[in-house]
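Undergrad: model the structure of this input:
(chains A and B)
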Amino acid sequence: MTPLPHEAHLAAMAGLDLVGPATLQRLAALGEPGATWERLRTGRLPVSVCAARSEPPRAQLDRWVAQARTIDPVEVWDRLRRAGVGVVSLGGPGYPEALRSDPDPPVLLFTLGDPATLDQPCVAVVGTRRATAYGRGVAHDLGRDLAAHGICVVSGLALGIDAAAHAGACQGGAGPAAVVGAGPDRPCPRPNLPLARRVATLGLLCSELPPGVGAQPWRFPVRNRIVAGLARVVVVVESAATGGSMSTVEHAVLRDRTVLAVPGPVDAPTSAGCNSLLAEGAVVCSGVDDVLVALGGTPGAAAPRPDHRVAPTGAAAVVLDALGWRPESVEYLVTVSGLPLRSLVGELERLERAGWVVRRDGFVERLGTSGRAVDLGVIP
Amino acid sequence: MLASVASAVLQGIDGHHVRVEVHVAGGLPAFTVVGLPDASCRESRDRVRAAVLSAGFRFPPERVTVNLAPTNLRKHGPVLDLPIALALLVASGQLDHESVAGAAFLGELGLDGSVRRIVGALPLAEVLADRPLVVPLDDLDEVRLVVPAARGAASLRALVESLRGTSPWPEPDPEPRRGRVTAGPGWSPDLADVHGHPIGRLAVEVAAAGGHHLLLVGPPGAGKTMLAERLPGILPDLSESQALEVARVRSAAGAEVGPGEHPRGLHRRPPFRSPHHTASVVALVGGGSRVLRPGEISLATGGVLFLDELGEFPAAHLDALRQPLESGVVDVVRAAVSARLPARFLLVGATNPCPCGFAPAPRCRCGPAQLQRYSRRLSGPVLDRFDLRVRLDSPDPASLFGGQGGAESSAGVQRRVAAARERATSRGVPANRALRGAALETHAPLTDEAVRLLRDRLGRGRLTVRGSQRLRAVALTLLDLSGAEAPIGADDLLVAECLRAQDALPGGPA
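TA: Predicted coordinates:
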């Protein structure tokens, strides 16, 4: 029988109650994990490894002792292997290079898919869950174009921008990587599960949390440090003034990563964060070229995608002009375009079929470039 | 010794004959009421005794037994005060038997002998219309809508004198009493006040013309309530029988019935009811443990039931509306009593698109999970009842103050609505909403282009088969309003689709 890898003991520890990323780091620092597990099982751990909680440290240790007696690291390891979940540990083989020198590296990464995905240059594409069609469209195109340039798109598989970026990156080229805030078996909100499977198939889905851990609000900001740590460049597509994306930016600044932001309308709350980042000196991201430059590459390597859409004329052009670049209601369009409702809805139908606009939540929104209309239908 | 007088009690919105028998005979002085009276009815004893004495009559110092026949029918309320008092006067020899023979009486007594208003005077009078009828003077206007020969009584003393023929019957004050000059049940503000809202106005018009239930989705202050309030104003006048039904329900609910716009006529304008979302199921649907009172849905019959903040109504309340929405009546059944109440109303719901009210992004501040939770408040079956789901936007400020000229008034819209309703009637249904399956195939044929459009929507899952049928019915109403003839073209379907937005609520089913 091959000796049990020390990741097995760490994984067993990660599965205990009250063990979060920080506690696991303290446990790992105690020395050889096999020996630590033995000390834990027999209650011989120093009180200092316990997190400051409402529960006294002694009680926490006792709880671990009771729990550890029912857990066999061999079984934990077998279960992970059977589920196809890989485990890489800090300092071990397969651990992402970018995280080795991280100020706050995860001790373990539970992975689904190919860990070598992260060998490509990584760019994080992040943003709000309450995305507009504009933001989703930009994120989708950015993900697609970055992947086509052989860059691994890192994001968090959340609804909105994350999902759009992943969906774009799944269209070919380098595989995408997702760092999720729960166990790899329950990586994301239900609507994104098909996307999560595709990401795991084409690239890598990873988490510092063992299978079985559910999503909790505090875990996402903690997860964001890994996203920032993995990426060489962080692109914020759409973000409110506060929120998860801004925490990713803070982690990125701490790690000296280049931060890019996609500008948005000055009066849109969903772009307030991006616009203030730009004011603070973030680099403007208007497309894949800006990211390539930030990575130290050369722009324009790929030919610009031609817009195959037939330019609207006549009444359709009037409608498109009236629409502008923000979501508008049909009522507004009737008032502004001056067209009778009957012809307006006909024109909208034709514009939608031609890929110029998309209808969502009873509003109409203009699309910047072609090729998204179909995909956006399935992006949550 | 023994006397009997005809009267009636209310059950739901129907009157039921009651015979009041009074027996006065020797024995220890006592006053008992038998024949299934409820507590409020048994209280009659004290009122009758005081009223008889106050009116200057003698209360017999003997054993008085009052029987209310039929004895299997539960009686409630004070409406039998007056018949009991009169029968008592006859039985104790203070009033001729002939003066009350064959006549019927309704009325509550005050301790001073005055005759007071009753609830449900109109439906009660209807069942007693075949005989001389005396009702409280204050109810006479209402009762004469159905029984023109009815007489009024202001007090017990005066009534007895009128019965004896010693004084004339009183007539109600020809001047409307204070409080009666207020807007009647059918008053509705004018559509001319609504600026902008091209789609909202159209939706209200289509709802009125086709009887399609309407869901208005929009941010706070967009004008949802304003539009809904104006819907009754563009509905056609009620027919004689509809107006009578409305009056019957209102009377049974204790609401003002009064003569309508024309002297001596019924209110012909459709009612508008807007119960608050804290209303109980019984208040909405009707009922009560013993006394079956009509609920809001019956009071809205022939008119509009407006449920503002639809999502705030408990799911059970909304589900209770589903059956009446289909059948047009509600059968309220309790252990002791049951009643069938009318419930043919046009349902208008209003809701915000999301908790913050300003969906979609970028103005919306709600998370995706919040949106999903919010959209789940309205169940699929409830949403399905709305043929029209319209997304309203805050009106363009320019259209509020800009001199665009006045918007069209309700009167103009009402003419189109009436014409469209006539076309629906020629199809054998009261309104296009009632068209289903085969009738739609006959009356709402599609052009080839329209068929292609429906196939496309069905194929992409943007429409269900049922949804496509409702879309056709709405498109047919649009044709009726414009005076155009079938078949239905693709453009008509697209406009209908705009009025029946599948995605009016964000986070809901696509």
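
Undergrad: now for the spatially most central residue of chain B: which residues touch it?
TA: Closest residue to the average C-alpha location of chain B: residue B:299 at 1.6 Å, with C-alpha atoms, centre = their mean. Applying C-beta atoms under 8 Å, 6 or more residues apart in numbering or on different chains, one finds that residue B:299 lies in contact with B:249, B:250, B:253, B:255, B:271, B:273. Where you see a C-beta, it was placed from the backbone N, CA and C, and this is true even at glycine.

Undergrad: then residue A:168?
TA: Residue A:168 touches A:139, A:140, A:141, A:142, A:143, A:144, A:145, A:147, A:153, A:375, counting by C-beta under 8 Å, 6+ apart.

Undergrad: check which helix or strand covers it.
TA: In the assignment (DSSP states H and E), residue A:168 maps to helix A:161-169.

Undergrad: sorry, back to before: the contacts of residue A:168, buried ones only, as a ChimeraX selection?
TA: To isolate the buried members of those in ChimeraX, using 16 or more other C-beta atoms under 10 Å in any protein chain shown:
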select /A:139,140,141,142,143,144,145,147,153,375
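
Undergrad: among the contacts of residue A:168, which one has the lowest pLDDT?
TA: For the contacts of residue A:168, the model is least confident at residue A:375; its pLDDT is 42.

Undergrad: any chance you could map the strands in the stretch 151-300 of chain B?
TA: Under the criterion DSSP state E, counting those that start in this stretch, strands of the stretch 151-300 of chain B are mapped to B:151-153, B:214-217, B:272-273, B:286-287, B:293-294.

Undergrad: interface residues of chain B facing chain A?
TA: Taking C-beta under 8 Å from any C-beta of the partner chain, the part of chain B that reaches chain A is made up of B:196-200, B:202, B:217, B:353, B:359-369, B:391-393, B:396, B:399, B:490-492, B:494-495, B:497-498, B:501, B:503-506.

Undergrad: quick one: which of the strands of the stretch 151-300 of chain B is nearest residue A:28?
TA: Residue A:28 lies closest to strand B:214-217 among the strands of the stretch 151-300 of chain B, at 53.4 Å (C-beta to C-beta).

Undergrad: show me what the closest one is packed up against.
TA: With contacts taken as 3 or more C-beta pairs under 8 Å, 6 or more residues apart in numbering or on different chains; DSSP states H and E, strand B:214-217 sits against helix B:198-210, helix B:224-229, strand B:346-351, strand B:388-391.

Undergrad: can I get that strand as PDB, trimmed to CA atoms?
TA: The C-alpha atoms that make up strand B:214-217 are tabulated as PDB, following Å, rounded to 0.1, in the frame of the first residue of the first chain:
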ATOM      1  CA  LEU B 214     -54.500  43.300 -16.700                       C
ATOM      2  CA  LEU B 215     -51.200  43.300 -14.700                       C
ATOM      3  CA  LEU B 216     -49.400  46.600 -14.500                       C
ATOM      4  CA  VAL B 217     -45.700  46.300 -13.700                       C
END
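
Undergrad: run the chain-centre distance for it.
TA: 21 Å (C-alpha atoms, centre = their mean, to the nearest Å).

Undergrad: try stretch A:230-249
TA: 10 Å.

Undergrad: for stretch B:7-23, same thing?
TA: 23 Å.

Undergrad: on that earlier part again, which one of the contacts of residue B:299 is nearest to chain A?
TA: Of all the contacts of residue B:299, chain A sits closest to residue B:273, with 27.1 Å by C-beta to the nearest C-beta.

Undergrad: what about the closest residue to residue B:116 other than its chain neighbours, how many residues nearby?
TA: Distances taken as C-beta to C-beta, 6 or more residues apart in numbering or on different chains place residue B:108 nearest to residue B:116, at 4.3 Å, with adjacent residues excluded. For residue B:108, the count of nearby residues is 20 (other C-beta atoms under 10 Å in any protein chain shown).

Undergrad: ok, residue A:51 next?
TA: 13.

Undergrad: for it, give me the pLDDT.
TA: The model's pLDDT for residue A:51 equals 77.

Undergrad: which residues sit in contact with residue A:152?
TA: Counting by C-beta under 8 Å, 6+ apart, residue A:152 has contacts A:117, A:118, A:120, A:121, A:122, A:123, A:174, A:175, A:176, A:177, A:203.

Undergrad: let's see that with 10 Å instead.
TA: For residue A:152, the contact set (C-beta atoms under 10 Å, 6 or more residues apart in numbering or on different chains) comprises A:117-124, A:146, A:169, A:173-177, A:203-204, A:230-232.

Undergrad: who's in contact with residue 242?
TA: Using chain A here. Counted by C-beta under 10 Å, 6+ apart, residue A:242 has contacts A:272, A:273.

Undergrad: hmm, I had chain B in mind actually
TA: B:266, B:268, B:270, B:301, B:302, B:303, B:342, B:344.

Undergrad: can I get these in JSON lines with neighbour count, pLDDT and distance to residue B:231?
TA: What follows is those, written out as JSON lines (neighbours: other C-beta atoms under 10 Å in any protein chain shown; pLDDT from 0 to 100; distance: C-beta to C-beta, whole Å):
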{"residue": "B:266", "neighbour count": "24", "pLDDT": "78", "distance to residue B:231": "21"}
{"residue": "B:268", "neighbour count": "19", "pLDDT": "83", "distance to residue B:231": "16"}
{"residue": "B:270", "neighbour count": "27", "pLDDT": "90", "distance to residue B:231": "9"}
{"residue": "B:301", "neighbour count": "28", "pLDDT": "92", "distance to residue B:231": "15"}
{"residue": "B:302", "neighbour count": "26", "pLDDT": "91", "distance to residue B:231": "13"}
{"residue": "B:303", "neighbour count": "24", "pLDDT": "92", "distance to residue B:231": "9"}
{"residue": "B:342", "neighbour count": "23", "pLDDT": "93", "distance to residue B:231": "19"}
{"residue": "B:344", "neighbour count": "19", "pLDDT": "92", "distance to residue B:231": "15"}
